[in-house]
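Peer 1: Sharing a model prediction with you, sequence too.
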Number of protein chains: 2
Amino acid sequence: MAFRLNHPVVCLLACLPSLWSVADSGNLLVVPVDGSHWLNIRTLIQELGRRGHSIVVVAPAVNMNISPGPHYTTKLYPVPYNQSDIQAVKPHVLVKQTFYNTVTTTFKKVNKLKHFLLVTCESLLYNTGLMRELAESAFDALLTDPFTSCGAIVAESLSLPSVHILRGLPCGLDYTSAQCPRPVSYVPRMFTGNSDRMNFLQRTANFLMSVTEPLLCYLIYSPFDELAARFLQKEVTVKELLSRGAIWLLRFDFVFEYPRPLMPNMILVGGMNCKKRNPLPQEFEEFVNSSGDPGVLLFSLGSMVSDLPVEISNGIAAALGQIPQKVLWRHTGEKPSTLAPNTKLIDWMPQNDLLGHPKIRAFISHGGINGIYEAICNGVPMVMVPLFGDQPDNVAHIVDRGAGVALNIHQMSSDDLLDAINVVVNDTRYKENMMRLSSLHKDQPVKPLDLSVHWVEFVMKHKGAEHLRPAAHELNWIQYNCLDVIGFLLAIVLVSFYLMIKCCTVCYRCLGRTKKQEKKKSD
Amino acid sequence: MAFRLNHPVVCLLACLPSLWSVADSGNLLVVPVDGSHWLNIRTLIQELGRRGHSIVVVAPAVNMNISPGPHYTTKLYPVPYNQSDIQAVKPHVLVKQTFYNTVTTTFKKVNKLKHFLLVTCESLLYNTGLMRELAESAFDALLTDPFTSCGAIVAESLSLPSVHILRGLPCGLDYTSAQCPRPVSYVPRMFTGNSDRMNFLQRTANFLMSVTEPLLCYLIYSPFDELAARFLQKEVTVKELLSRGAIWLLRFDFVFEYPRPLMPNMILVGGMNCKKRNPLPQEFEEFVNSSGDPGVLLFSLGSMVSDLPVEISNGIAAALGQIPQKVLWRHTGEKPSTLAPNTKLIDWMPQNDLLGHPKIRAFISHGGINGIYEAICNGVPMVMVPLFGDQPDNVAHIVDRGAGVALNIHQMSSDDLLDAINVVVNDTRYKENMMRLSSLHKDQPVKPLDLSVHWVEFVMKHKGAEHLRPAAHELNWIQYNCLDVIGFLLAIVLVSFYLMIKCCTVCYRCLGRTKKQEKKKSD
């Protein structure tokens, strides 16, 4: 088929495909968040790098786990803190305390974390050399985890379309920014532990939580609002910056999350980290195979938690010593005095490869979203001890699906843990339910990682995804809810009613006067 | 990897994949709607058939175009009408009439169509032999176009999970059935011609249209409510039956439609009919190639419209005679007396193959959704003369995207048509905009047809898609809007306020009395 390039209209047929840069490879800037958040971004950019895109990650020079990789370039910027400061803001599991102490400690911790994230962001934004270099690099798009809002400020500063990747923001700022409806009657709010099927009191609690969300948003994000306005030299809020995000890659699906409305630019990519299991290192393979019929349990509270208090780890070790299964426990603190021979302490494990092994009977976890999806992928039922953040909500979902049991780390005894393990291992319904979730989760038209890659490439190629942006962004609260229209129509009805009454009164009076006159005449 | 099948837990790993029937092939029952609606279902079931599924289509023995095919079995049921009755309910383009005449004629036509669809559905439901045969056939799922609600009644009767495929239902019954929010401030209602960016008066019109939707739904669907209740022998409405649909395959995407909230079980499959163009039959290839630089226009008002009134077709032919392009006009009525040599009348054309030819300059169409997507796929700008149903809304979308021009068939003169053609052909912005839509539309992670196949297979395999069903279905209107919670909280606030006032009054009185007594004592 020969295009006639001398014709202006037909020419477009040949010319337009060149919208996309040479050889279909793009330049992506990545502003990640440290810790477990980094793991998903790393998986995604490794895949993008493998597909030939040029990727630059900007990260604080002092960080937890943002390591260099073969498929991306890392640019580090200096920060005014060191590794021990990072250890200080990492969550700690505390021994049981009074309610007052728990609240004040949590409040102090959150404030410390907020200050830490703010300082990190300032260190990037006010690093003029690096920011100039980024501005000159002609990136096609920016990929960020909006947990800290820093990526959104950089995207605005460099006028780049952005892709957000996240599990969810506290106070629902992600949904309000994306103009996504969240009916409070069946969309449970964070920190309530509600499912989508609530009784009257649960709905009341959910409603009250939704009412407090704006205050929560203010408490968490107002320092970033101030930073954004100061740095960008204009009146702008984090919510406005986030609302300009082209695509939201949400790290869940409806096998795990409760069905709720979504906007066209929200893409579900839960389970992005799940992959085909690799053979186990010999040490692990031997340990697992030596477990016989009872099999093995995996136990990990994730990478974010510092050492457990000794009394808690002793209680856990005592419970683990009473089960017929062998246990692999990812544990970095002091060796518990009650540790039994069936339990092996390790400081790292190939979690996904182990979960995919047929000898694994259950996964004892803190309920982080990555671990939960690895369990779903591999169909392993769970015993969960949620610690902080979104973990209590994540855990509530798995309990609601009948695929796991939850425990409170501060209230559980050794017997509680023992009972929970025995129930999850021996009651086949937990395994069946997890296998059902696994089967549904895997039956997708595109794998979550490929879907994520597609949408990042889409945004790089088309410089955004403007056609997916709802017009709701251009309406204020009154217009969005049509209160002006309702007021206008009510005014018309009231005025019409008033005029009708007035007419009737006038007519009635006229009629009365005429009758009187007639009566007078007849008299 | 050897599974230990004697272990009850591990056994599940091996046993669960057999949920899906042997050799991954399913049994699908199809209850289609005749006319242009059938074209999409045919494309989908042909592909499903090619992939090895067993498909049975039930259709009225007298129909427009539900023809047998190599990949599905057709079971015809007798109906109490003949081909001339079908011609009588097909839409006609009328010569210009008074407003009163237009309204009464349209009303009569719609009533006749409703009665016709009802009779067709009754003929299927009360065909006890066929219904028994279907009940005994062990289908895995039912695929239907919910335009007539008949498929939903059959699905309920046979207890089959259903997949709905549709462009949209009048009065928004699809969205209310699926519990999908439709904010009236930026989601234009059918028949308003509004875009998603409305001024105050347009929003008012949209609001008023949304208020009349329940009445419209009653007028259209109440006979089907009655039929469903009578046949199923229980109190049930069409809305309830539709709400049980497992998956909604919506025949649009956000390249064409305005971005709006969606529910998890709504899948966008617009452009399912678009395919790679095949070589043209020699007769067409020669005609197209003989057009030289000016190129060719395609003109089709679809298969549903009977012959045009002579005065309209003469006006059109006169306009077409004045353009430098050649024209292929799908026209079945009397040959217009003003027909010029550049225009060739045909009664059928390979529309997609022609639209994909580089010599095609524009597509003159009625604005049916299939034709629009073929134009988007092939990047051909449009001149549109909407006739009925969703066509005026479809056309408004393409005009709003700057990819076409709309005309009113009753008001347009030959010069209007001539101007419209010249503008669309010569102003390159129309072509550019359509090419942009085409580029966005084609950049999808999965092709619409493959996506449709995936979700039908999903429903057959998992016997539904229960995990995508929102809990909103279990709430009544008061609960959904949390009016009970708001009332309860208001009552608490009012009672607290009342008690506080009461307390203050009592305290004040006590204080006053004490002071009086003190005064008396001191006196």
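Peer 2: That came through, no problem. Residues are numbered from 1 along each chain as shown, chains lettered A, B, ... in the order given.
Peer 1: From now on I want contacts and neighbour counts done on CA atoms only, so please keep to that.
Peer 2: Noted.
Peer 1: My read is that residue A:260 contacts residue B:263, right?
Peer 2: Yes - counting by C-alpha atoms under 8 Å, residue B:263 is a contact partner of residue A:260 at 6.4 Å.
Peer 1: so where do the strands sit in the stretch 201-350 of chain A?
Peer 2: Under the criterion DSSP state E, counting those that start in this stretch, strands of the stretch 201-350 of chain A are mapped to A:247-250, A:266-268, A:296-300, A:326-330, A:343-346.
Peer 1: give me the low-pLDDT residue ranges for the stretch 201-350 of chain A?
Peer 2: Regions of the stretch 201-350 of chain A meeting the criterion pLDDT under 70 cover residues A:304, A:306.
Peer 1: interface residues of it facing chain B?
Peer 2: By the rule C-alpha under 8 Å from any C-alpha of the partner chain, the part of the stretch 201-350 of chain A lying against chain B is A:203-204, A:207, A:254-255, A:258-264, A:293.
Peer 1: Of these, just say which sits nearest to residue A:24.
Peer 2: If you rank those by distance to residue A:24 using C-alpha to C-alpha, residue A:264 comes first, at 24.7 Å.
Peer 1: And for that closest one, the neighbour number?
Peer 2: Using other C-alpha atoms under 10 Å in any protein chain shown, residue A:264 has 22 neighbouring residues.
Peer 1: Please report phi then psi for it.
Peer 2: Backbone geometry at residue A:264, expressed as degrees, to the nearest 10, gives phi -60, psi -30.
Peer 1: Identify the residues contacting it.
Peer 2: Shown in contact with residue A:264 (C-alpha atoms under 8 Å, 6 or more residues apart in numbering or on different chains): A:468-469, B:254, B:259-262.
Peer 1: of the residues of the stretch 201-350 of chain A next to chain B, buried ones?
Peer 2: A:203-204, A:207, A:254-255, A:258-264 (16 or more other C-alpha atoms under 10 Å in any protein chain shown).
Peer 1: Which two of those residues have the greatest separation?
Peer 2: A:204 and A:264 (29.7 Å).
Peer 1: can I assume residue A:73 is in contact with residue A:55?
Peer 2: Yes - between residue A:73 and residue A:55 there is a contact under C-alpha under 8 Å: 6.2 Å.
Peer 1: out of the two, which sits in the more crowded spot?
Peer 2: Between residue A:73 and residue A:55, counting by other C-alpha under 10 Å, residue A:55 is the more crowded of the two (22 against 16).
Peer 1: Correct me if wrong, but the more buried one is in a helix.
Peer 2: No - under DSSP: H, G, I helix; E, B strand; the rest coil, residue A:55 falls outside any helix and is assigned strand.
Peer 1: I'd like to know how far it sits from residue A:460.
Peer 2: Residue A:55 is 12 Å from residue A:460, where distance means C-alpha to C-alpha, to the nearest Å.
Peer 1: okay, and the common contacts of the two?
Peer 2: Shared contacts of residue A:55 and residue A:460, defined by C-alpha under 8 Å, 6+ apart, comprise A:27-28.
Peer 1: Closest residue of the stretch 351-500 of chain A to chain B?
Peer 2: residue A:470 (4.8 Å; C-alpha to the nearest C-alpha).
Peer 1: Check the gap between the nearest residue to that residue once chain neighbours are set aside and residue A:431 for me.
Peer 2: Among residues not flanking residue A:470 along the chain, residue B:259 sits closest, at 4.8 Å (C-alpha to C-alpha, 6 or more residues apart in numbering or on different chains). From residue B:259 over to residue A:431 the distance is 40 Å, taken as C-alpha to C-alpha.
Peer 1: Please tell me how far residue A:161 sits from residue A:192.
Peer 2: For residue A:161, the distance to residue A:192 (C-alpha to C-alpha) stands at 34 Å.
Peer 1: And residue A:418, by the same measure?
Peer 2: Per C-alpha to C-alpha, residue A:418 is found 27 Å from residue A:192.
Peer 1: Those two: which is more packed in?
Peer 2: Comparing residue A:418 with residue A:192 by other C-alpha under 10 Å, the one with more neighbours is residue A:418, at 18 against 14.
Peer 1: can you give me the strands in the stretch 401-523 of chain A?
Peer 2: For the stretch 401-523 of chain A, applying DSSP E, counting those that start in this stretch gives strands covering A:404-406.
Peer 1: Residue ranges in it under the pLDDT threshold?
Peer 2: Applying pLDDT under 70 to the stretch 401-523 of chain A picks out residues A:523.
Peer 1: repeat that with 90
Peer 2: Low-confidence segments of the stretch 401-523 of chain A (pLDDT under 90): A:409-411, A:508-523.
Peer 1: Hmm, residue A:204 is touching residue B:487, no?
Peer 2: No - Residue A:204 is beyond contact range of residue B:487, at 10.5 Å (criterion: C-alpha under 8 Å).
Peer 1: what about residue A:67, neighbour count?
Peer 2: 10.
Peer 1: scratch that, residue A:378
Peer 2: Look at residue A:378: counted by other C-alpha under 10 Å, it has 28 neighbours.
Peer 1: From what I see, residue A:273 and residue A:372 are in contact.
Peer 2: No - when contacts are counted by C-alpha under 8 Å, residue A:273 is not listed as touching residue A:372 (10.7 Å).
Peer 1: Up against chain B, what does the stretch 351-500 of chain A have?
Peer 2: So the stretch 351-500 of chain A meets chain B at A:358, A:428, A:431-432, A:435, A:439, A:443-446, A:451, A:454, A:458, A:467-472, A:479-482, A:485 (C-alpha under 8 Å from any C-alpha).
Peer 1: mind redoing it with 7 Å?
Peer 2: A:428, A:445, A:451, A:454, A:467-472, A:479-482, A:485 (C-alpha under 7 Å from any C-alpha of the partner chain).
Peer 1: are any of these buried, and which?
Peer 2: Buried members of those, counted by 16+ other C-alpha under 10 Å: A:428, A:445, A:451, A:454, A:467-472, A:479-480, A:482, A:485.
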